[in-house]
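1. Predicted coordinates and the sequence they were generated for:
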Amino acid sequence: MTEQASHGKSRQYLIAWERWIAGIAFTFFIALLGYLLAMVPGFQPIGQLACAIIIAVVYRQIFGYPEALRLGITFSTKKLLRFAIILYGLKLNIHTVFHDGLGLLVRDVFVILFAIGIMMGLAKLTKADKNISLLLGVGTGVCGAAAIAAVAPIIKTKDEDTAISVGIIAMLGTVFAIGYTIVNSYLPLTSMEYGIWSGISLHELAHVAIAAEPAGEDALAVALLAKLGRVFLLVPLCFILIYFIKRKNKGEQTQNKVDFPWFLLGFILMSIIGSYVLGKVIPVSANFMEGISSATTWILTAAMVGLGLNVSLKDLRSRALKPLLAVAITSVFLSIVAYFMI
C-alpha cells in the first residue's frame with residue numbers, strides 16, 4: 001500500500017469516526033430539546049421521552065433523515081438502547097417484589113396477559129398491524145417504553161414501528177395518569193387501594209408516579225411496588241416470546257431465527273446488584289442512585305430519538321391509526337378490570 005493510499009484510508013476512518021460522534025451527539029441534542037420542551041407548561045405531563053420523540057419525528061418530516069450522521073444515530077438506536085435497558089434493571093428491587101409484593105405479582109401476571117390478549121384480539125378484529133399491536137400490548141401490560149424496547153429486537157420490528165409504539169404509549173399513558181388524578185376524588189377507594197389500582201394498570205413508572213403521588217406517600221409506595229412487579233415479569237415474558245417465535249419459525253429460513261437477547265442478562269444482573277449489593281455490600285448515596293436513574297433516562301431518550309428519526313408520517317396514517325384505537329380501548333378495559341381486582 002502506497003503512502004498516499006494509506007493516508008486516504010486513515011482519512012476515511014477519521015471521517016467515519018467524526019460522523020459517529022456527531023450522530024450520537026445529535027441524538028443527545030434532540031433529547032435535550034425534549035427535556036426543555038417538557039419544562040414548558042402544558043408539556044410537563046407528557047415528559048422528556050415523548051417530547052424528544054415528537055421533535056425527532058417533526059425534524060424527519062421537515063429536513064429528512066440526516067444521512068451524514070446515520071452511523072452515530074444507528075449506534076444510539078441499537079447499542080445505547082440496550083445499554084439503557086440494562087441500567088433500567090437497577091430500578092427493580094427484586095427483594096422488595098418477593099418480600100412485600102407477591103400478592104400484587106399475581107395480579108400483575110393477569111394484567112399482562114389481559115392487556116396483550118385484548119390488544120391482539122382487537123388487532124385481529126380491526127386488521128391492525130400485528131407488530132405495532134404486540135409492542136403496544138406489551139407496553140400497556142408491562143412497563144411502557146422499556147418493555148417495548150426490550151421486546152422489539154426479539155420480534156424484529158422496524159425502528160419506525162418501535163418509535164411509533166413508544167410515542168403512542170407515552171402520550172396515552174400521560175392522558176390516563178392525569179385522568180386517574182381527576183377521578184380519584186370521586187371513587188370510593190382508600191389511598192392504598194387507589195395506589196394499587198394505579199400501579200397495576202398504568203403504563204409507565206412515570207405515569208404511576210404522576211397518578212399516585214397526589215394520594216400520599218403510602219399510595220405512591222404501594223403503587224410503585226405493584227409496578228415493579230410488572231417490570232420484574234418483563235424478563236420471563238421475553239423468554240416466553242422467544243419460545244413461541246422459535247416454534248413458529250421452526251423449519252423456516254435461517255434469517256428468521258431469533259437472536260438471544262443478551263442485554264436481558266445485563267438487566268437481571270443490574271437488578272441483583274441494585275437489590276443486594278448497592279447500599280448493602282457497597283455503600284452508595286441517594287444522590288448516586290438518582291444520578292444513575294437520570295443517566296438511564298437520558299440514554300433511553302437519545303436512543304428513542306434515533307428511532308423517531310426513522311418515522312415517516314406517510315406510513316403512520318395507514319399503519320398506526322388502528323393500533324392506536326385498539327390500545328386506547330385496551331387501556332380503558334384494563335383500568336376497569338384492574339379496579340375490580342383491588
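-> Yep, it's here. Residues are numbered from 1 along each chain as shown.
2. which ones are touching residue 162?
-> Residue 162 is in contact with 135, 148-149, 152, 307, counting by CB atoms under 8 Å, 6 or more residues apart in numbering. C-betas here are computed from N, CA, C, even on glycine.
3. need the contact list for residue 239.
-> For residue 239, the contacting residues are residue 264, by CB under 8 Å, 6+ apart.
4. Please identify which helix or strand holds it.
-> For residue 239, the enclosing helix or strand under DSSP states H and E is helix 234-249.
5. how distant is that helix from the center of its chain?
-> Relative to its chain's centre, helix 234-249 lies at 18 Å (CA atoms, centre = their mean, to the nearest Å).
6. related to what we said a few turns ago, and the contacts of residue 162, which of them are in helices?
-> In helices, judged by DSSP state H, the following of the contacts of residue 162 are found: 135, 148-149, 152, 307.
7. Most widely separated two among these?
-> The most widely separated members of those, counting by CB to CB, are 135 and 307 (11.4 Å).
8. before we move on, back to that, state the mean pLDDT of the helix holding residue 239.
-> Mean pLDDT, helix 234-249: 88.
9. mind listing what's buried in stretch 168-181?
-> By neighbour count on 16 or more other CB atoms under 10 Å, the buried set for stretch 168-181 is 168-174, 176-177, 180-181.
10. what does stretch 186-201 give?
-> Under 16+ other CB under 10 Å, the buried positions of stretch 186-201 are 189, 191-201.
11. Dump that stretch to PDB, keeping only the CA atoms.
-> Output of stretch 186-201 as PDB, limited to C-alpha atoms (Å, rounded to 0.1, in the frame of the first residue of the first chain):
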ATOM      1  CA  TYR A 186     -65.000  10.600  43.000                       C
ATOM      2  CA  LEU A 187     -64.100   6.900  43.700                       C
ATOM      3  CA  PRO A 188     -64.800   5.000  46.900                       C
ATOM      4  CA  LEU A 189     -61.200   4.000  47.300                       C
ATOM      5  CA  THR A 190     -58.800   4.300  50.200                       C
ATOM      6  CA  SER A 191     -55.400   5.800  49.300                       C
ATOM      7  CA  MET A 192     -53.800   2.400  49.400                       C
ATOM      8  CA  GLU A 193     -56.500   0.900  47.100                       C
ATOM      9  CA  TYR A 194     -56.000   3.800  44.700                       C
ATOM     10  CA  GLY A 195     -52.200   3.200  44.800                       C
ATOM     11  CA  ILE A 196     -52.700  -0.500  43.900                       C
ATOM     12  CA  TRP A 197     -55.100   0.400  41.100                       C
ATOM     13  CA  SER A 198     -52.600   2.900  39.600                       C
ATOM     14  CA  GLY A 199     -49.700   0.500  39.900                       C
ATOM     15  CA  ILE A 200     -51.300  -2.500  38.300                       C
ATOM     16  CA  SER A 201     -53.000  -0.600  35.400                       C
END
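12. residues making contact with it?
-> With CB under 8 Å, 6+ apart as the test, stretch 186-201 has contacts from 104, 107-108, 111, 180, 184, 208, 211-212, 215-216, 218-227, 230, 334-335, 338-339, 341-342.
13. The stretch 51-200 of the chain: helices as residue ranges?
-> Under the criterion DSSP state H, counting those that start in this stretch, the stretch 51-200 of the chain carries helices at the ranges 70-75, 81-88, 94-100, 102-126, 130-141, 144-155, 159-183, 191-201.
14. Leaving out the residues flanking it, which one is nearest to residue 178?
-> Counting by CB to CB, 6 or more residues apart in numbering, residue 45 is the residue found nearest to residue 178 once chain neighbours are left out, at 5.7 Å.
15. Correction: the previous question concerned residue 273.
-> residue 90 (7.1 Å).
16. coming back round to it: need the max-distance pair from the buried residues of stretch 168-181.
-> Longest span within the buried residues of stretch 168-181, CB to CB: 168 and 181, 21.0 Å.
17. Quick check: the residue nearest the centre of the chain vs residue 53, distance?
-> Central residue of the chain (CA atoms, centre = their mean): residue 145, 1.3 Å from the mean position. According to CB to CB, to the nearest Å, residue 145 and residue 53 sit 9 Å apart.
18. Now find how far off-centre stretch 209-226 is within its chain.
-> Offset of stretch 209-226 from its chain centre (CA atoms, centre = their mean): 20 Å.
19. just checking, residue 27 touches residue 303?
-> Yes: using CB atoms under 8 Å, residue 27 is in contact with residue 303, at 7.3 Å.
20. what's the overlap in contacts for these two?
-> Here residue 27 and residue 303 have 76, 80 as joint contacts, going by CB under 8 Å, 6+ apart.
21. So the two - more neighbours on which side?
-> Neighbour count, other CB atoms under 10 Å: between residue 27 and residue 303, residue 303 has more, with 31 against 28.
22. ok, now how distant is that one from residue 109?
-> According to CB to CB, residue 303 and residue 109 sit 28 Å apart.
23. State which helix of the chain is the longest.
-> Looking across the chain with DSSP H, the single longest helix is helix 3-37.
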